[in-house]
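Student: Need coordinates for the following:
(chains A, B, C and D, ligands or ions: 6)
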Amino acid sequence: MQKILNDPEPFVDEMLEGILLAHPNELRRPSPRAIVRADAPVAGKVAIATGGGSGHLPVFMGYVGRGLIDGAAIGNVFASPSSDDMLEVTRAISAGKGVLYLYGNYGGDRLNFDLAAELAADEGIEVRTILGADDVASAPSGRASSRRGIAGIFFLYKVAGAAAAEGASLSEVVAVTERAAAGTRTMGVALSPCTIPAAGVPTFELPVGQMEIGMGIHGEPGVRRGPLETADQIADELTRAILADLPFARGDEVAVLVNGLGATPKEELYILYRGVARILAAEGLPVHRVWVGEYATSLEMAGASLTLMRLDDDLRRLVDAPAGTPFFVQG
Amino acid sequence: MQKILNDPEPFVDEMLEGILLAHPNELRRPSPRAIVRADAPVAGKVAIATGGGSGHLPVFMGYVGRGLIDGAAIGNVFASPSSDDMLEVTRAISAGKGVLYLYGNYGGDRLNFDLAAELAADEGIEVRTILGADDVASAPSGRASSRRGIAGIFFLYKVAGAAAAEGASLSEVVAVTERAAAGTRTMGVALSPCTIPAAGVPTFELPVGQMEIGMGIHGEPGVRRGPLETADQIADELTRAILADLPFARGDEVAVLVNGLGATPKEELYILYRGVARILAAEGLPVHRVWVGEYATSLEMAGASLTLMRLDDDLRRLVDAPAGTPFFVQG
Amino acid sequence: MTDAGPSAGFVSILGAIANDLLDRKDELNRLDGVAGDGDLGLTMTAAANALLELAPSLESLPEADAIRRCGTEIARKAPSTGGTLIAFALIAAAKAGVAPDVPPLERAAAYLDAAAASVAQRGQVAPGDRTMLDALRPAADAISRAAKAGLDAPTTLADAASAADAGARETASMAAKVGRAGWLADRAAGHEDAGARLVAIAFAAAARR
Amino acid sequence: MTDAGPSAGFVSILGAIANDLLDRKDELNRLDGVAGDGDLGLTMTAAANALLELAPSLESLPEADAIRRCGTEIARKAPSTGGTLIAFALIAAAKAGVAPDVPPLERAAAYLDAAAASVAQRGQVAPGDRTMLDALRPAADAISRAAKAGLDAPTTLADAASAADAGARETASMAAKVGRAGWLADRAAGHEDAGARLVAIAFAAAARR
Ligand SMILES: Nc1ncnc2c1ncn2[C@@H]1O[C@H](COP(=O)(O)OP(=O)(O)O)[C@@H](O)[C@H]1O
Ligand SMILES: Nc1ncnc2c1ncn2[C@@H]1O[C@H](COP(=O)(O)OP(=O)(O)O)[C@@H](O)[C@H]1O
Ligand SMILES: [Mg+2]
Ligand SMILES: [Mg+2]
Ligand SMILES: [Mg+2]
Ligand SMILES: [Mg+2]
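Tutor: Numbers count the residues shown, from 1 in each chain, chains lettered A, B, ... in the order given. Ligands and ions are numbered 1, 2, ... in the order given. Presented below is the predicted three-dimensional model:
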């Protein structure tokens, strides 16, 4: 296990300690597994909470900041936070305008955050929930609500966070974020497994020369495994699956995210984007803006995902709005 | 070779195509291997050029933009650009206030960029050169000018770019950047090799369970190889070597960069920073600001480097100044 | 069993289960890795350690309170899908309104019935969906039957353990209904569901004690 | 050699060298990887391909112009440390002012002398510093000696090739003075310098032709 760590056991807590030491003016920690904006609660603003397992930085707490979200509950590696952690986050960020829970569609998270929402409601905090469920590889379109949430959550944070920063009400933030979620699709490819520090061995085996299309960000199986293809072939397979699913239509303006899973160099992500851009141009889908880099990772997994979000005027304005956290800045 | 690519041969050119497709409003390409700000030359400003081999994104062209540098010559993976490429960059960015060449201390780059500087001078463009030579592991302090340049170049870009953006003259930019270079030290650790696409096999072997302290960003040998240590032990070894070298003195305020080499997750970088922060606190070195992430990579190499820069009032102001490129934004 | 508090029996079973879970960490990780994220052994290690730490303080509590404390502790310390469902199940068992003077096997039957109902409801699953329920439901049923038939505790627990084990084995030929769908490459075929095996391990530990 | 232009001899040597360099790519990468970045074979592949493409256009040029074109082409297409030093060396050779009517071996001696001086000056190295100069300098000297002694071309080239080979072998026991310093773990001990071996390959190809 070629990792820089002290002990697998306090891995998450030491990471949090490092993050707080590095960014003391931007983040604070109301309880051991809750990270919120240093200036939370932000008066007059709908608050946005998220949470999930560790090992995906900058997901989740990396998006806590200006123009994005207000707080995140932190689980162990690939494991849900507790309902208590989410409740702590909720209390620390609530400014009386309501709280949006925005997180990926995973069993443990849903169980815990639904409970937290109930408990928050008992305290008089209004909570609404939107799930990221963008992974087209994880269920057919007929069962889209059972899909996993992966890198597309970045666009949802961006939209919801910008809407909240503009002063929208909870139901307005919910409405525009649901529209964003309805138009967001992701699919990924894994080229290597990753190792949970406390487990010490890779979650699965993927022989050199093989790839797995559609693999989940915790190593959950994808739609097919086969010989590693070229960047252009991968771009084709990911893009076509996404375009067919919404379906996107000629003329739809899109936001694009090419996301690295951890070990894949930015050089390769741009080669992948080159293939994607050609297909989008040929399909008549204008690209409004592109993000390329590590936005939702799986520790040191090699691979990438592609996300497309269909834009309208509101969504275009909201993805372009400025934002700033210790992990992500947009001017 | 678990890489997302089409063909090793056009690797760099396809990557450049992808970058230009993704960021058409921010970057332009006056010749195939020259990338400059879309708005270059920027009137009234000293221009800053850099260059070097590919495989280190965001080094080099990732720092081309507002508040940073104006252009970069692009070599093949780990190989110098040609003098022609650097001359093209120089011509495209020169706004009549002089050009600073700021790049890492490698033989091929020096030979080619010195020639480019001569040719630019023949065309009436004043060029000054500053080399990044921050890797304390690559030569003893008595021969500091023969050291390799690694991640510390980020601080030099930041300082030089901010000074140029403030309207400083060429000699003022040179003076403050030389002061920054004189106070910047880096040391790294590698946990895995990387593979140049066209070579197809790793540059070196590093058995699981081993690490190499002081390895260069092209896989050049370091100061010692041994069993993989804990994050705190690595933090200790890197920090002590750096502190002893300048030497930094109690009370010196520092900027800190914890840089991932490619495959190492941000989670681990923050655990490493936690160890570094404790030592700096114990040594009485106040940390002004911290950057944690991938700022100078070696393809998919696992590992990290630590850079410290000693600050004064000017340097503090310059590192804090806003900057924005497609790869790096600071608010 | 001198000085035994009202929950001494429960606590002693708890200790046996926790220790067995610690021993089977790698196996649970491996099974969970087949179709999931490979961490069930880690989560159950966290749960087991939390329970072992908690155990001394439980003996003197009324049994339902002891069970509820286990649930809330797992909810805090091991909040994965599996862990949280178990936590909810324990809390549901504690709420089942089982009178302390009911004979032990009947109490156990009532707790387990409430627990299995909770997993089905919270997890929105039925038997055959390839989850922990496929081991829990038959084990609960076996205890109900044995309690009604008036069998002794060792026999009853042995029955429950073999019912759980058989249920876990059967998951190897089931297709998952929750999470991933049938259209995904079914790598899990031939492998037991991790959560079902976990339940079987717990009942085996209880029976062996 | 019908229709041979003024640089036909040079071009034919060039082709032989380029082809051998293409064959030895992996070996050069491997040697460069010991202490450097493992790309000398790639750079020399780029250089060799550029030269092979250029070759047909060179035959009709005056020899010095042909040599200079090789230098500028390598500078453009293979601008690494090794490539650029070779490019500068070729340009220096072209500038050495060798008269076309001087006998071939004397011309070669003069070119090589200028080339070796260029590497030493541009690279700021001396023999013994574990660089390509350690093969180039002895090869150049061997040709000078043979030319003065009036030996024939095959013998002279064979002498130069064995001098370059011996020089490259000796680098295996030299400590690098440029780049990394002696205080670094000397992984290179026992391995030849990649650039020196490259020079030896080139002279062997020239001698074999
Ligand atoms: N909806 C569900 N209902 C019942 N049991 C479930 C459900 N989802 C998962 N499980 C059980 O939980 C186990 C996985 O638990 P765990 O590893 O803690 O989940 P995760 O890592 O996905 O949070 C599965 O093997 C299965 O037995
Ligand atoms: N300063 C120097 N002077 C002479 N030769 C040098 C010098 N530096 C390097 N070399 C030669 O160049 C070879 C490496 O070339 P190359 O792989 O192209 O360099 P890099 O990849 O570092 O740019 C070395 O093996 C050595 O023979
Ligand atoms: Mg999990
Ligand atoms: Mg090189
Ligand atoms: Mg799991
Ligand atoms: Mg090299």
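Student: The residue of the stretch 201-331 of chain A at minimum distance from ligand 6 sits in which helix or strand?
Tutor: Using Cβ to the ion, the closest approach of the stretch 201-331 of chain A to ligand 6 is made by A:E267 at 18.5 Å. Where you see a C-beta, it was placed from the backbone N, CA and C, and this is true even at glycine. A:E267 belongs to helix A:266-282 when assigned by DSSP states H and E.
Student: Any part of that helix near chain D?
Tutor: No - Helix A:266-282 is not in contact with chain D by Cβ under 8 Å from any Cβ of the partner chain; minimum separation 15.5 Å.
Student: Helix or strand next in line after that helix, which one?
Tutor: Counting by DSSP H and E, the next helix or strand C-terminal to helix A:266-282 is strand A:287-293.
Student: Confirm for me that the residue of the stretch 201-331 of chain A closest to ligand 6 is in contact with B:E14.
Tutor: No - counting by Cβ atoms under 8 Å, A:E267 sits too far from B:E14 to count as a contact (9.1 Å).
Student: Between the two, which has more neighbouring residues?
Tutor: A:E267 (28 against 22; other Cβ atoms under 10 Å in any protein chain shown).
Student: mind checking which helix or strand the nearest residue to that one once chain neighbours are set aside is in?
Tutor: Excluding its sequence neighbours, the residue lying closest to A:E267 (Cβ to Cβ, 6 or more residues apart in numbering or on different chains) is B:M15, at 4.8 Å. Using DSSP H and E, the element containing B:M15 is helix B:11-22.
Student: go on, A:M187?
Tutor: Using DSSP H and E, A:M187 falls in strand A:184-190.
Student: related to what we said a few turns ago, what mean pLDDT does whichever helix or strand comes after the helix holding B:M15 get?
Tutor: Downstream of helix B:11-22, the first helix or strand assigned by DSSP H and E is strand B:27-31. Per-residue pLDDT over strand B:27-31 has a mean of 98.
Student: And the helix or strand following strand B:27-31, how far out from the chain middle?
Tutor: Scanning forward in sequence from strand B:27-31 by DSSP H and E, the next helix or strand is strand B:34-37. Relative to the chain's own centre, strand B:34-37 is displaced by 17 Å; criterion: Cα atoms, centre = their mean, to the nearest Å.
Student: Say whether chain A is contacted by strand B:34-37.
Tutor: No - if you take Cβ under 8 Å from any Cβ as the test, strand B:34-37 misses chain A, and the best it gets is 12.1 Å.
Student: Sheet-wise, list the partners of that strand with their directions.
Tutor: Here strand B:34-37 is paired, per DSSP bridges, with strand B:27-31 (antiparallel), strand B:71-77 (antiparallel).
Student: Now for the residue of the stretch 201-331 of chain A closest to ligand 6: which residues touch it?
Tutor: Neighbouring residues of A:E267 by Cβ atoms under 8 Å, 6 or more residues apart in numbering or on different chains: B:11, B:15, B:54-55, B:57, B:299.
Student: could you redo the last one with a cut-off of 10 Å?
Tutor: B:3-5, B:11-12, B:14-16, B:18-19, B:54-57, B:77, B:197, B:262, B:297, B:299-300 (Cβ atoms under 10 Å, 6 or more residues apart in numbering or on different chains).
Student: end-to-end on stretch A:308-318?
Tutor: 15 Å (Cα to Cα, to the nearest Å).
Student: tell me what whichever strand or helix holds A:A116 is packed against?
Tutor: A:A116 belongs to helix A:107-122 when assigned by DSSP H and E. The criterion is 3 or more Cβ pairs under 10 Å, 6 or more residues apart in numbering or on different chains; DSSP states H and E, and the helices and strands that helix A:107-122 contacts are strand A:47-54, strand A:71-77, helix A:83-93, strand A:99-104, strand A:127-132, helix C:63-77, helix C:81-94, helix C:104-123.
Student: what angle do that helix and strand A:71-77 make?
Tutor: In terms of direction (axes from the mean of the first three to the mean of the last three Cα atoms, to 10 degrees), helix A:107-122 departs from strand A:71-77 by 150 degrees.
Student: Helix A:107-122 near ligand 5 at all?
Tutor: No - for helix A:107-122, no contact with ligand 5 is found by Cβ under 5 Å from the ion; the gap never falls below 8.0 Å.
Student: Using a markdown table, lay out the helices and strands packed on helix A:107-122 together with mean neighbour count.
Tutor: Converted to a markdown table, those look like this (neighbours: other Cβ atoms under 10 Å in any protein chain shown):
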| stretch | mean neighbour count |
| --- | --- |
| strand A:47-54 | 29 |
| strand A:71-77 | 27 |
| helix A:83-93 | 26 |
| strand A:99-104 | 27 |
| strand A:127-132 | 21 |
| helix C:63-77 | 21 |
| helix C:81-94 | 26 |
| helix C:104-123 | 21 |
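Student: buried sites along the lowest-mean-pLDDT helix or strand in chain C?
Tutor: Using mean pLDDT, DSSP states H and E, the weakest-scoring helix or strand in chain C turns out to be helix C:25-35, at a mean of 93. Buried residues in helix C:25-35, counting neighbours by 16 or more other Cβ atoms under 10 Å in any protein chain shown, are found at C:25, C:27-35.
Student: is the strand holding A:M187 up against chain C anywhere?
Tutor: No - Strand A:184-190 stays clear of chain C (Cβ under 10 Å from any Cβ of the partner chain), getting no nearer than 12.8 Å.
Student: Can you report how many residues neighbour A:G188?
Tutor: Using other Cβ under 10 Å: A:G188 sits among 28 other residues.
Student: So it is in contact with A:L257, correct?
Tutor: No - the pair A:G188 and A:L257 does not pass the contact test of Cβ atoms under 10 Å, sitting 11.1 Å apart.
Student: Find the residues that touch each one of those two.
Tutor: Any residue near both A:G188 and A:L257 by Cβ under 10 Å, 6+ apart counts here, and that gives A:151, A:296, A:305-307.
Student: Redo those residues as JSON lines? Include distance to D:D129, pLDDT and secondary structure.
Tutor: Compiled in JSON lines, the shared contacts of A:G188 and A:L257 are given as follows (distance: Cβ to Cβ, whole Å; pLDDT from 0 to 100; DSSP: H, G, I helix; E, B strand; the rest coil):
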{"residue": "A:A151", "distance to D:D129": "51", "pLDDT": "98", "secondary structure": "coil"}
{"residue": "A:A296", "distance to D:D129": "50", "pLDDT": "98", "secondary structure": "coil"}
{"residue": "A:S305", "distance to D:D129": "49", "pLDDT": "98", "secondary structure": "strand"}
{"residue": "A:L306", "distance to D:D129": "50", "pLDDT": "98", "secondary structure": "strand"}
{"residue": "A:T307", "distance to D:D129": "53", "pLDDT": "98", "secondary structure": "strand"}
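Student: If you rank these by neighbours, which is first?
Tutor: Within the shared contacts of A:G188 and A:L257, neighbour counts (other Cβ under 10 Å) peak at A:A151, which reaches 31 neighbours.
Student: That one and A:N259 touch, don't they?
Tutor: Yes - using Cβ under 10 Å, A:A151 is in contact with A:N259, at 4.2 Å.
Student: any shared contact partners between the two?
Tutor: Jointly contacting A:A151 and A:N259 under the rule Cβ under 10 Å, 6+ apart are A:59, A:186, A:188, A:217, A:291, A:294-297, A:304-307.
Student: Same list (those) but as JSON lines, adding distance to chain D.
Tutor: Converted to JSON lines, the shared contacts of A:A151 and A:N259 look like this (distance: Cβ to the nearest Cβ, whole Å):
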{"residue": "A:V59", "distance to chain D": "34"}
{"residue": "A:T186", "distance to chain D": "36"}
{"residue": "A:G188", "distance to chain D": "31"}
{"residue": "A:I217", "distance to chain D": "33"}
{"residue": "A:W291", "distance to chain D": "31"}
{"residue": "A:E294", "distance to chain D": "25"}
{"residue": "A:Y295", "distance to chain D": "30"}
{"residue": "A:A296", "distance to chain D": "32"}
{"residue": "A:T297", "distance to chain D": "27"}
{"residue": "A:A304", "distance to chain D": "25"}
{"residue": "A:S305", "distance to chain D": "31"}
{"residue": "A:L306", "distance to chain D": "30"}
{"residue": "A:T307", "distance to chain D": "35"}
